[in-house]
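J.: how does the following fold in three dimensions:
(4 chains)
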Amino acid sequence: MSSDIEVKPVKNEKVISFNQHVLIRLPSEGVKIAYLKEEGIINLGKFGSFQASGVVGYNFGQSFEIIEDENVNPISFIGEVADASEREDTPELSKDELTMMFSNSAENNQNIINIGSKVQQLSNADIDELKKSGASSNIGQQIIEKMISGHGGFDKKTIFSQQKYLKRKQQKFLRRFTVEYIGSSELLEYFIVKDLPRVHGISEETLGSILSYGNIRPGGNYLVIDETGGVVIYAMLERMKGEGSMVVVHENEHVNFSALKYADYPEDLQNEMVKTINWLQFLEPENEKILWEDVDDEEFANMKTSKKAQYERRSKRANYINSVIEVAKKGNFDALICVSTLHLPTLLPEILPKIGGSRPIVVYSQFKELLLDTQHCMMSDKRVLAPSIIETRVRKYQTIPGRLHPLMTSRGYGGYILWGTRVIPQESGITAVGRG
Amino acid sequence: MSSDIEVKPVKNEKVISFNQHVLIRLPSEGVKIAYLKEEGIINLGKFGSFQASGVVGYNFGQSFEIIEDENVNPISFIGEVADASEREDTPELSKDELTMMFSNSAENNQNIINIGSKVQQLSNADIDELKKSGASSNIGQQIIEKMISGHGGFDKKTIFSQQKYLKRKQQKFLRRFTVEYIGSSELLEYFIVKDLPRVHGISEETLGSILSYGNIRPGGNYLVIDETGGVVIYAMLERMKGEGSMVVVHENEHVNFSALKYADYPEDLQNEMVKTINWLQFLEPENEKILWEDVDDEEFANMKTSKKAQYERRSKRANYINSVIEVAKKGNFDALICVSTLHLPTLLPEILPKIGGSRPIVVYSQFKELLLDTQHCMMSDKRVLAPSIIETRVRKYQTIPGRLHPLMTSRGYGGYILWGTRVIPQESGITAVGRG
Amino acid sequence: MSFYQYKDYIEEGDIVLAFISRQAIKPITIKKGEQLNTRYGHFQHDKMIGMKYGEQMGGARGYGFIYLLHPTPELWSISLPHRTQIVYTPDSSYIIQRLNVTSGTRVIEAGTGSGSFTHAFARTTGLNGRVFSYEFHEPRYLEAKKEFEDHNLENTLITHRDVCHHGFEIETIPEHFSSNGSIEGDVVFLDLPSPWTAIPHLKKVISTTNRVGICCFSPCIEQVDKTIKSLQENGWINIEMTEVAGRRWEARKELVRDIKDVVKRLKDIQSRKGQGIENRRNVKVQAGEKREFSEVDNDDDTDDQKFENLGKGYNPFGKGIRVKEGDENYEWRNVTKIESEIKTHTSYLTFAYYVPSKET
Amino acid sequence: MSFYQYKDYIEEGDIVLAFISRQAIKPITIKKGEQLNTRYGHFQHDKMIGMKYGEQMGGARGYGFIYLLHPTPELWSISLPHRTQIVYTPDSSYIIQRLNVTSGTRVIEAGTGSGSFTHAFARTTGLNGRVFSYEFHEPRYLEAKKEFEDHNLENTLITHRDVCHHGFEIETIPEHFSSNGSIEGDVVFLDLPSPWTAIPHLKKVISTTNRVGICCFSPCIEQVDKTIKSLQENGWINIEMTEVAGRRWEARKELVRDIKDVVKRLKDIQSRKGQGIENRRNVKVQAGEKREFSEVDNDDDTDDQKFENLGKGYNPFGKGIRVKEGDENYEWRNVTKIESEIKTHTSYLTFAYYVPSKET
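T.: Below is the predicted model of the structure:
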């Protein structure tokens, strides 16, 4: 028990800090990643822009609204209602009240009428005028409310179309945002919104199950295949927080760690924890070891400067490759974490010897059918015990007391994992009893 | 519009009647099928037995409790509490109150203790005594309550174990039941409980979707493959109520209609609506037609009586087979309804020509993977438009106000359907625009 | 054209569902001289007349095609614009099945809404059944009334009524809809904001001779709570709330990417790199077990540029080039892909029964 | 043996999960001279010592086998008897992920319950993290306390406490659990019958320097309603309720039953029937296109009996005989089969955050 060992944080997870990436959550439920440079200005497009220095020093999770001159005011949460004294016009409706009202009408939606553009009494000119009329950021809220009050049929629309309407309007006018720490869920969310195929449709809950079934923890030593550009690796690194290591096997000349650029890990720490090796090196270690002999001191001294640099670089790289090949050869990894589109029935038998006894095997796929083939392959290969395909799906609710119901629609993705335990079967002398 | 045509009911669906099968729903949530003969006694095993004449004349859906001498009393529902005056002892707890109490403790389950046999203060002798003490059927309820009140730790058990406890006790002692009409859902339920593999894991909701996507209605003419012993055919017949017809293709010498024995359809009506044909006859109609020539009157008159009967039987059968082969050859069926484990990628192309233009194709399988192969086959065969695999799952709730939650567990079954529309592609001259 | 039976050939006046794509099914009424214009082509009604339902039809100017489908309640529901509130088939088929709606059933439905479920009820109950549908909102009532007439839903009677306040009774029931002067509904479906206010009115219009089933369709859990209490107070039994989840899956193919091809490709890259270096620098490649550094390392920018001149090399998975799904030069595995947007909630379905007491 | 790291070889005193079957995983503590008795064989602890974790072990009398597994929180949770209330991995893994529990996180958990989730928290937060677990029920508290000691959960502190009435504060926090004399929890998990009564007490024990996440775990919807209101009143934001559905699928094989074989079998039956009749009655079988009646008709009982004497005939699908799944004489298709009993509900999960205000 290392009670008084204070772990040096690799980055600030608590307080919004300079020289770090942050996730910015917008009223539209969109997300954006920004890098906070001193003197930097963060541009949120139609939501406005603000100075990075305005948010630094607050806790992660803090919400802000943009006011004049790219300054921000902290607000308690993104749906917070500004003081009535700051308002200019009636009616005074909070976002919560609005939501209530919209939901309310779900219970009284008999008056639904077909709403065309004609009932929307606010012209674009009106909106522009409203935009100009106040410097304060609550103008966004005001515009929305004005539009709603000017919208003859609004309270008669269905709950569904009202939600869509409100979101569209918020998206357009509210100048509020929340700054969040980029944990692995946030990084995943960013890519789900931006480029779902890139993360192979992994949902937050499935990522969580990969890490739990994979028994990921500080100090572990894992074998990883990650085709998401590093989202899974990042999630593992975050769980490990500087302790432990992993060998990442990849299929190209260079590994794709593009998602890790938002991770803000010091390069040396990342290099220490994450070793990379390609499949050729992994599968044919003896062939792929690099022939390298250090030149003697004299020869080195005689090199030209440029040659010296090259020599040192190459020496380092050769030693790196050879050492990773050695680590992979040695095996006894604490888990196999595989998020890949490679055909596993032929690949898995090559990997299994590298995984330690009783360690978990966790394989992700977007498609259950692909895992099924792998599962059958595991069942005939006696080295994986009790392989199961596991599906985890989260259903979110509209969480307003009195108006509780699951969200009406969601994007269809999530994926499946195949989980088993690496075991060491006896070659002979085992007689089963009472089991097929 | 046939407003004044009164359809002759093929059987009584409203009132419990003699010479008909009925479903008996037991407090244990078990179900049983019984045939109500005049003078008949229905034995419910541990729940007791009663005279069929006691329930005849009531509406389907009526609940009863068994009293002395195999008589029954109607009760408003299976959980009804008898009058307090009929009771002998306290405490008086209705089933609803009990359920409330059990649920209540879910909110206060901190006192859960491990309940062994020692806290159950009622001995078997006590129970036997209680059983003897009263002739009235509310003895069941009394015993349960006595056991609960004698059960020191009862209100401290978890909601889950309480539910199980209550059910186990109800199952053992309550002598109540409901008599229901055997609709297709009830027939399916009976087999789900009794023999799930026999109905290939079809759930009620999936059966409903087969019938709706298959556009089943009175007057239709359908092509059917049904390996459930007739449950699907029964569901179709019930929707058609005497109007329309179907050709059932089967793979054995004799078709298996064992589930239809509970259907109580007059034999001639069933034979008129349901024609059967085997795959050999369906696929090789010309070969399989039966050579049959009527003998002339003189020859017939000279036959021995036994020979005459055989001749007539064979004449009828040959004509039947030949006529069904003709109907199948003609095709233009109003839907294909297929609940089968046959390999469809090779079979379907042989069936499709028999289905009319724009009619639905509905294929059921317990396994999505099998439908997937068929779906791919449909997509390369241009004669099925927009094939989709559809999964329908119902989730049931514990429906007590203030204690609402989905049931904690359910049996894992349900199946999938593949739905598409039979179309007639143009051989040539069609140029696609903007689509792959 | 009728929702009660199929016909084979299209005639003037018929309704045809023009299947343009999975997302676009357009109902048209055939009228000589008219034309259906889509972004996939133009289709003349005149040419549709005499064609078979189900036929594929080419566009007027030699491009594009549609399929001419016969309406069914299920196709009708997916042809409706999504903004309308629709009871889709996963829910409607379960309700019909669970409440044993069959030929001859007398159904009470409120409100009519988009009329989508009304079609399914009308089809299933058939010409011997009756559907009593109630709609409070007048424009929607008028629209549905006209639609039911256009669709020849002969067994369906729509009434403009706020059933929550004024109940279900109809003063002058058309004779062929009456059962002993009354509605006598066997099955009730309530898709109303506050079903609990309508439930007390039901007793006057439901069957007096057989068990009656009900389904109340409400999006919010709190509505369910009030509905259950109202059902209990009004003598309904066997109350059970359920949810239906409907999912749709499409057939897709995924490329089989074998490790042998990965290794082959990596070797190809190395050998071409080695070859490139040899060509350029005339470096002697060691023929030993282990690799010369230059074969695996390419963090030298100038090397990279030169390699590109060596051509594309071995590429087993078509990376960089676009491989068409199912391309026969590659190996594929069939997979199911869920629809891109799934309906995670429609409404809660609360079922119950009412058994009229029998004098014995 | 530790939940914080793997070891390779089994020693005396270690905990081993004896995998008997998917349904039976039995935790044992290795002690010389003891024996594990199962209905699949007997297994001596002495022989386990020195074996590798993960090894298959044969039974003492030459039959039966088990696997010797290293404990993990996930295997531990499925080894627990089902009657206990357990937060299973589909829920716990989501909660851990969503609330960003990582190495070093300080977790507050109430109640401890089966201790299953505590293990997952302890593993994930690691030796730099802390888990403060509270249990009201004394026997369960004592049991869990002993278990955590046996399992060396060094980073976990369990307290016997009714947090709803007496809050979470600990008078004398052991120094290595204290953060500036306080608990300073980053993440809160409440699995309590009435979390709304515990929520007001949290403010004194949660972090004063960073955002705090909470998850309340309640089976009934009405509990959620009260929880949400309490969270709102106590300044928690971003409140969202969710449900997790976990499903497990097994690999199975289904026989491919081709129509060609069906037809072949029907022809075989007919030909044997025709042959039988010929043999018995010496009836001339017509060699025409169409069939003689007797070949297709067998409603003559005497015929049936005779046919049985003709032997089994062609049987492509092994009907009547039991075909072992995967038998190489038949063609098979891989399918997934869902577990026979699925958990359709565990609890509702209500998440929220608390952001301590920052003086600026």
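
J.: contacts and neighbour counts: CA atoms only from here.
T.: Noted.

J.: helices along chain C, start to end?
T.: For chain C, the helices defined by DSSP state H occupy C:45-48, C:73-79, C:89-98, C:116-125, C:138-150, C:163-166, C:195-198, C:221-233, C:259-281, C:293-296, C:301-308.

J.: ugh, wrong one, chain A
T.: Here chain A has its helices, by DSSP H, at A:95-104, A:124-133, A:139-149, A:159-173, A:184-194, A:204-213, A:231-240, A:267-273, A:279-283, A:285-288, A:297-302, A:305-330, A:344-351, A:368-380.

J.: where does the stretch 1-150 of chain A dip in pLDDT?
T.: Residue ranges of the stretch 1-150 of chain A with pLDDT under 70: A:1-9, A:79-150.

J.: same check on chain C?
T.: Residues of chain C meeting the criterion pLDDT under 70: C:83-84, C:275-312, C:319-322, C:359-360.

J.: near chain B, which residues of the stretch 301-436 of chain A?
T.: Applying CA under 8 Å from any CA of the partner chain, we find that the stretch 301-436 of chain A lies next to chain B at residue A:369.

J.: so how far is chain C from the closest residue to residue A:211 other than its chain neighbours?
T.: Counting by CA to CA, 6 or more residues apart in numbering or on different chains, residue A:211 lies nearest to residue A:236, which is 7.1 Å off, once chain neighbours are set aside. In this view, residue A:236 and chain C are 25 Å apart by CA to the nearest CA, to the nearest Å.

J.: got a list of what residue A:236 touches?
T.: A:211, A:216-217 (CA atoms under 8 Å, 6 or more residues apart in numbering or on different chains).

J.: report the separation between the residue nearest to residue C:234 when sequence neighbours are not counted and chain A.
T.: Nearest non-adjacent residue to residue C:234, counting by CA to CA, 6+ apart: residue C:200, 6.4 Å away. Counting by CA to the nearest CA, the gap from residue C:200 to chain A is 18 Å.

J.: tell me, how many residues neighbour residue C:200?
T.: 16 (other CA atoms under 10 Å in any protein chain shown).

J.: and residue C:138, by the same measure?
T.: For residue C:138, the count of nearby residues is 14 (other CA under 10 Å).

J.: do I have it right that it meets residue C:160?
T.: Yes: counting by CA atoms under 8 Å, residue C:138 touches residue C:160, with 6.7 Å between them.

J.: tell me how far residue C:235 lies from chain A.
T.: As judged by CA to the nearest CA, residue C:235 and chain A stand 24 Å apart.

J.: next up, the contacts around that residue.
T.: Contacts for residue C:235 (CA under 8 Å, 6+ apart) come out as residue C:354.

J.: by residue count, what's the longest strand in chain C?
T.: Here the longest strand in chain C is taken by residue count, with DSSP state E as the criterion, and it is strand C:237-255.

J.: separation between the residue lying closest to residue C:226 once chain neighbours are set aside and residue C:216?
T.: Distance criterion CA to CA, 6+ apart; nearest residue to residue C:226, sequence neighbours excluded, is residue C:196 at 6.3 Å. Distance, residue C:196 to residue C:216, using CA to CA, to the nearest Å: 9 Å.

J.: these two: which is more packed in?
T.: Neighbour totals were compared for residue C:196 and residue C:216, and residue C:216 leads with 27 against 22 (other CA under 10 Å).

J.: circling back: save the contacts of residue A:236 as CSV, and put in pLDDT too.
T.: Shown next, in CSV, are those (pLDDT from 0 to 100):
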residue, pLDDT
A:211, 98
A:216, 98
A:217, 97
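
J.: export those residues to TSV and tack on neighbour count?
T.: Compiled in TSV, these are given as follows (neighbours: other CA atoms under 10 Å in any protein chain shown):
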residue	neighbour count
A:211	23
A:216	26
A:217	27
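
J.: closest one to residue B:425 out of the residues you listed, please.
T.: Among the contacts of residue A:236, residue A:211 lies closest to residue B:425 (CA to CA), at 50.0 Å.

J.: residue contacts, that closest one?
T.: A:235-236, D:93.

J.: which one of those residues sits closest to chain B?
T.: Closest to chain B out of the contacts of residue A:211 is residue D:93 (19.3 Å), distances taken as CA to the nearest CA.

J.: OK, contacts around the closest one?
T.: A:205, A:208-209, A:211-212.

J.: circling back: okay, and the common contacts of residue C:196 and residue C:216?
T.: Shared contacts of residue C:196 and residue C:216, defined by CA under 8 Å, 6+ apart, comprise residue C:227.

J.: give me every residue that touches the closest residue to residue C:11 other than its chain neighbours.
T.: Closest residue in space to residue C:11, ignoring its immediate chain neighbours: residue C:49 at 5.1 Å, by CA to CA, 6+ apart. Counting by CA under 8 Å, 6+ apart, residue C:49 makes contact with C:9-12, C:30.

J.: can you pick out the most distant pair from those residues?
T.: C:9 and C:30, at 12.1 Å, using CA to CA across the contacts of residue C:49.

J.: tell me which of those two has more neighbours.
T.: residue C:30 (21 against 17).

J.: so that one versus residue C:268, what's the distance?
T.: Plainly put, residue C:30 is 63 Å away from residue C:268 if you go by CA to CA.

J.: near chain C at all, stretch A:391-408?
T.: Yes: using CA under 8 Å from any CA, stretch A:391-408 comes into contact with chain C via A:395, A:402-408.

J.: tell me which residues in that stretch are buried?
T.: For stretch A:391-408, a neighbour-count test (16 or more other CA atoms under 10 Å in any protein chain shown) marks A:391-401, A:403-408 as buried.

J.: ok, now stretch C:82-102?
T.: C:85-102.
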